[in-house]
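Q: What follows is a predicted protein model with its sequence.
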Amino acid sequence: MKNKNSINQINYNDNSDIILNDNNSMEDYIIHLTEKLKKLQEQVQFLREGQEKNEEKYSTIKKENSSLHNK
């Protein structure tokens with residue numbers, strides 16, 4: 001994105017609504033959103049992998065616990 005002194009920049013009004021001044025600002029905003037989307041996708045993948053690992057651990061511990069109770 002452009003710096004604050006640039007004529008072509010993305011501004012926000014009091015309601016945090018985006019005000020785009022020109023096509024360059026629109027392009028910068030799209031790039032910003034694309035980067036943000038990639039980060040969110042990475043976070044979702046990280047959470048998904050963590051959930052899968054936790055489910056595997058839970059299943060293993062549940063089986064071990066069950067076998068201990070059956071002895």
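A: All right, it came through fine.
Q: now the strands for this protein?
A: Secondary structure of the chain, counting by DSSP state E: strands at 10-12, 18-20.
Q: For the first one, give the mean pLDDT please.
A: Confidence over strand 10-12, taken as the mean pLDDT, stands at 63.
Q: One more: stretch 29-44?
A: Model confidence over stretch 29-44, given as mean pLDDT, is 96.
Q: Name the residues of that stretch that come out as buried.
A: The neighbour-count criterion (16 or more other Cβ atoms under 10 Å) identifies no buried residues in stretch 29-44. Backbone N, C-alpha and C define where each C-beta goes, glycine included.
Q: Put the alpha carbons of that stretch into CSV.
A: Taking Å, rounded to 0.1, in the frame of the first residue of the first chain, the C-alpha atoms of stretch 29-44 are listed here in CSV:
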residue,chain,number,x,y,z
TYR,A,29,-6.5,-2.9,-1.7
ILE,A,30,-6.9,-6.1,-3.7
ILE,A,31,-3.3,-7.0,-3.1
HIS,A,32,-3.9,-6.3,0.6
LEU,A,33,-7.0,-8.5,0.7
THR,A,34,-5.2,-11.3,-1.2
GLU,A,35,-2.4,-11.3,1.3
LYS,A,36,-4.9,-11.3,4.2
LEU,A,37,-6.8,-14.2,2.6
LYS,A,38,-3.6,-16.2,2.3
LYS,A,39,-2.8,-15.7,5.9
LEU,A,40,-6.3,-16.7,6.9
GLN,A,41,-6.0,-19.8,4.8
GLU,A,42,-2.7,-20.7,6.5
GLN,A,43,-4.3,-20.2,9.9
VAL,A,44,-7.3,-22.4,9.0
